[in-house]
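In: Prediction below, plus the sequence it came from.
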Amino acid sequence: MANYFWLIPFIPLAGTVINGLFGKRLSKKVVGLLACTSVGLACLLSLWAVLHLTHLPPNARRLTHILFTWIASGDFHVEFQFLLDPLSAVMILVVTFVGFWIHVYATGYMAHDDGYYRFFAFLNLFMFAMLTLVLAGNFLLMFVGWEGVGLCSYLLIGYYFHKKSAGDAAKKAFIVNRVGDIGFVLGILLVYVTFQTLDFTSVFNRAAGFLVEESGGGVLTVITLLLFVGAVGKSAQIPLYVWLPDAMEGPTPVSALIHAATMVTAGVYMVARCNPLFSRAPLTMEVVTWVGAATALFAATIGLVQRDIKRILAYSTVSQLGYMFVAMGVGAFTAGMFHLVTHAFFKALLFLGAGSVITAFHHQEQDITRMGGLHKYMPITARAMTIGALTLAGCPLLSGFFSKDEILWQAVAGGHLVPWIVVWLAAGCTAFYIFRLLFLTFFGEARMGAAHAEPCQESPRRMTTPLIVLALFSVGIGYIGLPPLFAKVFHLPNVFEHFLEPVWQGPPRAPSAPVTVACFGQSVGNGEGFITLLSILMALAGFLTAWLFYLKQKDWPELLSHRLSGLYHMLLNKYKIDEIYDTVIINPINTISYWFLWQFFDVGVIDGIVNRTGQIMRGAGRLLKNIQSGYTRSYAAWILFGVVAILVYCMR
Amino acid sequence: MVDIADKTALLGDLIQNSALIKPEIMLIIWASFCLLVPKDTRRWVSIFALTGLAISGFSLYWTYGYQGSAFGGMLQLDAFGAFFKILFLTNAAVCIFMSRKYMDIEEEQSGEYYCLILFATVGMMFMAAAVDLITIFISLELMAICEFILVGYLRGNRRSNEAAMKFFLLGAFSTGLLLYGMSLLYGLSGSTSLEVIAKAMEAGAAKNPLMLVAMITLIAGLGFKIAAVPFHMWCPDAYEGAPTSITAFISVGPKAAAFAVLFRIFLSGLGPVATDPTYLRLLSVLAVLTMTWANLAALTQTNIKRLLAYSTISHAGYLLLGLIAGKDNGGVTAVAIYLFLYAFMNLGAFTIIVMVRRKGLVGDTIDDLKGLVTKNPGAAIMMTVFVASLAGLPPTAGFLAKYAIFSALIEAYFKTHYTYLVILAVIGVINSVVAFYYYWLIVRAMFLIEPTDDVKLTFSPGVVTALTVTFAVTLGILLYPEPLLNFARAASNSFLR
């Protein structure tokens, strides 16, 4: 019975088909109901399948289902195959559960949109692609899902296609992702060349026969680096993160679902899925750690000064994904997946809250410096956002605190001190920018212009209910995977870690030596406690600064931006990365394409050859046309001629 | 003097054998009933005919799996035959779906039309099962005569009459050639049964110089049916003049049936001879001529039915490549896959053309499709998919079809190391490029040229059904090819086991 888990992706697909084909004639109510029901059913089925999985002994928790042979060409064999193991189980639960509530929210958010059915058809299609991605049993099917989510992302970023900026953002997302996908495809090809198969189980079993490549010159290092290029593109890390902030042109539920909770975490999931390969390539792991850490701090600093409510959250997402990669890089796969899960809840919550605010402004205003005092008008949104902000900032005992703390601790425990300092600083920036957002939006005095003089209202129930649900989960989900320190305090087992344990098939790691922190020559006790304390202090510092700047001394930000004008503008202009890419990459490519590839090669060489050939072919065609005279006798003569000609041919 | 017991045994034998051809018998009964439909209930006759096809299909399903000969070795029941029979039933059903509205517009709605389609289908079904020269010939003529009448079905239309006349005269001529070849085979082997002929060939009859003449006349006769160059001349004229629904019908079913016969004769009957490199080279020359000639001649066509006629001819060229690759290298499988998929994409394209037809507009030139995308975007996109498939572009069915053929050729090369097999594959690919040009003329007309009127396509439940089915298969097969591949492999394996 549990083998019916392969149905999970296809339920949303049914929703897409119905809404896509007949949605125009259905009422908005029916369209919304269909879309939500399909995802809801997928969620229930996922829950049921995962429950079934937990009843199996830990080492048997690996269900595969082959639907049919997809490609069979010589030795190259690919099955249309789904795989349910603890890793994909975690993913489908998160994707369908968060996805369901975002669907519900979207029925309210998009209520006044003309393309209602189109929107939900795309959104359901995304769910199909995402579930295919996480349930895929081999690299190729995963790639199908990978490209599928990319396509849906493109379609939904450009959903308001009449806006030029939305169209441009969609194209940017698509093209930047292509760069990453080239790496991914090359990685898949190299996997096939190395292992003669693309099936996850076989590849990872065969990988167990490979030694750990300490020096970093082996094939596994190359494979994992290529795969990581794909992950960098999809999960918006340096240097390919530039598409994600622009992707905020899409409707807010899309930003919440695709560009925060699910699709952008696909890269992290992929690295986790390929952990037997990555953990045998220390060099790649080093690269992953550094890229993740750099991205975490880099994006967080940009987030400090942005004014667009969604853009701040976008940079925050980029930064948080960096944390997950740090966890992957230091080999703490469980911690990375745990942060992926908690982040899915609290970031979706923050985005939906932002969407609620935008709805209150009738989709006219997204600049937080022109908001303020909204908690009077929108109490539920304000409270939910506060919870989301506290979780993101790492307020103790909320889920974000546990997962982020775990990553920071694992970085130290693995001996990665510099990356730890970097992400620790990023944690301070995180607390600052999120409370800045919160204070400027919901607290202080109202700064709305005359255009928005009318008091803002709380959003309808179907938008606030998802906020409440997600807020509850943001608070509580952390308790399924408590770090050792707190597990002792609360007497709760780390179910999350035990559940995922069988998935990690890397080489056995030497248990890291217990870290004790020495301060001025004196041991200050348990290292984990100390690191946690430092994290809390850093978050507190960020919070206090924001409080001081935006609620107490409101002229300080202005003063500081004048005093540090250079730095301020650097951050405001996002380090001018887009401009640098334009000058260094895009413009040279454009010039070369225009003059060499188009004007010289295409027009001169290719068109020349093609046109000549075409003329010759058309001439021949005209000749043959004349032979077709229309006379029956001539046709009969041709048949006779054919027979004689063959006879002559054979008798010579 | 035959006594009673013998007679009873004979009768029992007959009944037993008849059960094996139940699909065909059902269809014959239904076809005859079609003639009895009273005039005022004409609009139901197409549905009646469809029911017949469905029942025949069900009976086919029940007899599927039976392997053996019937009627004293006249017919062979196997998966190969079943594969083709399903193809013919589908072909007839889709054509009837697209005919219903179309024949109303042509004002030729009548029971005979559907009756002839069903009888032609019966002929094809017997062709797929026939393993004796006599049954082959009779079933082939049953199909051909129905075709002649159907092509000339528009009595008031001069082009239709002319087409039927040409088709008939040339058909008679080619039948003469075919019969000549068959009689020579009989003379050489002393039997009409393909099995006995094969044994005689092995025993030495193949060395007789007359064998060459028999071979060539057989090739010419069957080459006419599949429209291989230079026996293809009738094809564009007949296609252009025939009612569009019939053009669709004869562009798929009879081609496939002729290929089934070609396989039966050349691979089982003449097995020992046909694998001789001389004949393979001869077939190669024919295949190359067919592809190249057809594709070049299609370049300058402005009439879409003529254009698709040349396209059909070129597809026959690709299919011949599968015959050359041979059974052991997946050639038969490839041809079966190709024919099956070709049926759907070609019928789909013709359905769109049928929809252009309305009162006062024949709708068979490329110009009639101008600006279709602004008028019926859905239909324009579907047509694009169909022609992309005919051109062999992924991710459509046509790609899988061409891929199957070319990989069979390459596989044959690795076994035999005859260089010409690779050359054939290369020529085939180059030809696909040439074909791309004229297929894309259709797309260009639909998408890039402004419409001159705003009259939309004629929709009806029938054409919508036809379009849905053909479109779904054309676009969906690459996602889920397994059942078709398995079925085609079974057909190939059952063939002369």
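Out: Looks like it came in fine.

In: pLDDT at the closest residue to residue B:251 other than its chain neighbours, what is it?
Out: In this structure, residue B:251 finds its nearest non-sequential neighbour in residue B:312, 4.8 Å apart by C-beta to C-beta, 6 or more residues apart in numbering or on different chains. (C-beta placed from N, C-alpha, C; glycine too.) If you check residue B:312, the pLDDT there is 95.

In: Tell me which residue of the stretch 401-550 of chain A lies closest to chain B.
Out: Across the stretch 401-550 of chain A, no residue is closer to chain B than residue A:503, which sits at 29.1 Å (C-beta to the nearest C-beta).

In: now swap in the stretch 451-600 of chain A and tell me
Out: For the stretch 451-600 of chain A, C-beta to the nearest C-beta, closest residue to chain B: residue A:598, 20.3 Å.

In: A helix includes that residue, no?
Out: Yes - assessed with DSSP: H, G, I helix; E, B strand; the rest coil, residue A:598 lies in a helix.

In: pLDDT wise, what is it at?
Out: For residue A:598, the model assigns a pLDDT of 86.

In: What of residue B:14?
Out: Reported pLDDT for residue B:14: 83.

In: how close does it sit to residue B:127?
Out: Using C-beta to C-beta, to the nearest Å, residue B:14 is found at 22 Å from residue B:127.

In: With residue B:230 instead?
Out: Taking C-beta to C-beta, one finds residue B:230 at 24 Å from residue B:127.

In: Of the two, which one has the most company?
Out: Neighbours were counted for residue B:230 and for residue B:127 using other C-beta atoms under 10 Å in any protein chain shown; residue B:127 has more, 30 against 22.

In: May I have the phi/psi pair for residue 364?
Out: Assuming you mean chain A. phi -100, psi -20 (degrees, to the nearest 10).

In: that's the wrong chain, I meant chain B
Out: Reported as degrees, to the nearest 10, the phi and psi values for residue B:364 are phi -120, psi 20.

In: neighbours around it, how many?
Out: Neighbours of residue B:364 (other C-beta under 10 Å): 22.

In: if you skip the residues just before and after it, what's nearest to it?
Out: In space, and not counting its chain neighbours, residue B:364 is closest to residue B:305: 4.8 Å by C-beta to C-beta, 6+ apart.

In: Surely that neighbour touches residue B:239?
Out: Yes - applying C-beta atoms under 8 Å, one finds residue B:305 in contact with residue B:239, separated by 5.2 Å.

In: Mind listing residues that contact stretch A:539-547?
Out: Residues from elsewhere that reach stretch A:539-547, judged by C-beta atoms under 8 Å, 6 or more residues apart in numbering or on different chains: A:393-395, A:427-433, A:435-436, A:438-439.

In: What of stretch B:276-295?
Out: Residues outside stretch B:276-295 that contact it (C-beta under 8 Å, 6+ apart): A:624, A:646, A:649-650, B:215, B:219, B:223, B:228-230, B:232, B:273-274, B:310-311, B:313-314, B:316-318, B:320-321, B:323-324, B:418, B:420, B:424, B:427-428, B:431, B:434-435, B:438.

In: Cross these against helices and list the overlap.
Out: Using DSSP state H, A:624, A:646, A:649-650, B:215, B:219, B:223, B:273-274, B:310-311, B:313-314, B:316-318, B:320-321, B:323-324, B:420, B:424, B:427-428, B:431, B:434-435, B:438 are the members of the contacts of stretch B:276-295 that sit in helices.

In: Next one: residue A:319 relative to residue B:457, how far apart?
Out: For residue A:319, the distance to residue B:457 - C-beta to C-beta - is 54 Å.

In: Who has more neighbours out of those two?
Out: Shown here are residue A:319 and residue B:457; by other C-beta under 10 Å, residue A:319 has more neighbours (28 against 19).

In: list the contacts for residue A:528?
Out: Going by C-beta under 8 Å, 6+ apart, residue A:528 touches A:409, A:413, A:483-485, A:515.

In: Could you dump those residues into CSV with pLDDT and neighbour count added?
Out: Shown next, in CSV, are those (pLDDT from 0 to 100; neighbours: other C-beta atoms under 10 Å in any protein chain shown):
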residue, pLDDT, neighbour count
A:409, 89, 24
A:413, 85, 19
A:483, 83, 23
A:484, 80, 13
A:485, 79, 17
A:515, 56, 15
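
In: among the residues you listed, which two are most distant?
Out: Across these, the longest distance by C-beta to C-beta is 13.7 Å; it joins A:483 and A:515.

In: Can you give me the buried ones in the longest strand anywhere in chain A?
Out: Secondary structure assigned by DSSP state E gives strand A:63-73 as the longest strand of chain A. Residues of strand A:63-73 classed as buried by neighbour count (16 or more other C-beta atoms under 10 Å in any protein chain shown): A:63-65, A:70.

In: Just give me the least confident of those residues.
Out: residue A:70 (85).

In: Give the bridge partners for the residue nearest to it when sequence neighbours are not counted, please.
Out: Of all residues not flanking residue A:70 in the chain, residue A:80 sits nearest, at 4.2 Å (C-beta to C-beta, 6+ apart). Residue A:80 forms beta bridges with residue A:68, as assigned by DSSP bridges.

In: For the chain, give me the ranges with low pLDDT.
Out: If you meant another chain, say so; for now it's chain A. Applying pLDDT under 70 to chain A flags the ranges A:1-2, A:216, A:449-455, A:509-526.

In: looking at chain B here, not the other one
Out: B:1-2, B:272, B:274, B:496-497.

In: what residues does it put near chain A?
Out: Residues of chain B lying near chain A by C-beta under 8 Å from any C-beta of the partner chain: B:165-166, B:169-170, B:173-174, B:177, B:212-213, B:216-217, B:219-220, B:223-224, B:229-231, B:233-234, B:236-237, B:278, B:282, B:285, B:293, B:296-301, B:407, B:434, B:437, B:480-482, B:485.

In: Is it possible to mark the buried ones in the residues you listed?
Out: B:165-166, B:169-170, B:173-174, B:177, B:212-213, B:216-217, B:219-220, B:223-224, B:229-231, B:233-234, B:236-237, B:282, B:293, B:296-301, B:407, B:434, B:437, B:481, B:485.

In: Quick check: closest non-adjacent residue to the spatially most central residue of chain A.
Out: Centroid check for chain A by C-alpha atoms, centre = their mean gives residue A:264 as the closest residue, at 0.6 Å. Excluding its sequence neighbours, the residue lying closest to residue A:264 (C-beta to C-beta, 6+ apart) is residue A:235, at 5.2 Å.

In: ok, the one you found - contacts?
Out: So residue A:235 contacts A:264-268, A:321, A:324-325 (C-beta under 8 Å, 6+ apart).

In: would you list those in a markdown table and tack on distance to residue B:90 and secondary structure?
Out: Shown next, in a markdown table, are the contacts of residue A:235 (distance: C-beta to C-beta, whole Å; DSSP: H, G, I helix; E, B strand; the rest coil):
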| residue | distance to residue B:90 | secondary structure |
| --- | --- | --- |
| A:264 | 46 | helix |
| A:265 | 46 | helix |
| A:266 | 41 | helix |
| A:267 | 45 | helix |
| A:268 | 48 | helix |
| A:321 | 51 | helix |
| A:324 | 52 | helix |
| A:325 | 53 | helix |
